[in-house]
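**Q** Coordinates only, no sequence provided:
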């Protein structure tokens, strides 16, 4: 239930204050200095800060928070929008990155899945296809 205007007026909510995009994500890492190398040298993000317990890397308004943890090697569920998953695949294979899923067409467009240096799984999807409605295949009758 909305609280309304604390000054006694009437206010109708439209889209104010609702999420508009993903600003960042948290990823567990064993060592922030070692792990940030993957994000800065391989994914070409900038290092924003690193206090030894938490490192922040990012580019173009998107941030990854690398948080020191013993529980690494998870599927982050993070889907990075890229211009072309095939180009990303070629680039990362040349860097020795391990892919779990090579680029393929799926319900969200062309996507690929790979591991960072801590074994965490990241996903990349063709950002041009993101947000487009994909109809499910028709069942055989």
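**A** Nice, I can see it. Here the structure is a predicted model, which is why all the values come from computation and not from measurement.

**Q** what about residue 127, distance to residue 119?
**A** To residue 119, residue 127 is 25 Å away according to Cβ to Cβ, to the nearest Å. (Each C-beta comes from the backbone N, C-alpha and C, glycine too.)

**Q** Which one's more surrounded, those two?
**A** Ranked by neighbour count (other Cβ atoms under 10 Å), residue 127 and residue 119 place residue 127 first, with 15 against 12.

**Q** Please identify the helix or strand for residue 17.
**A** Counting by DSSP states H and E, no helix or strand carries residue 17.

**Q** and it, how many neighbours?
**A** Applying other Cβ under 10 Å, we find 7 other residues in the vicinity of residue 17.

**Q** Strands of this structure, start to end?
**A** Along the chain, counting by DSSP state E, strands occupy 24-29, 46-50, 54-59, 62-68, 75-82, 99-106, 109-115, 121-126.

**Q** tell me the angle of the last one relative to strand 62-68?
**A** Pointing back at strand 121-126 there. Counting by axes from the mean of the first three to the mean of the last three Cα atoms, to 10 degrees, strand 121-126 lies at 170 degrees to strand 62-68.
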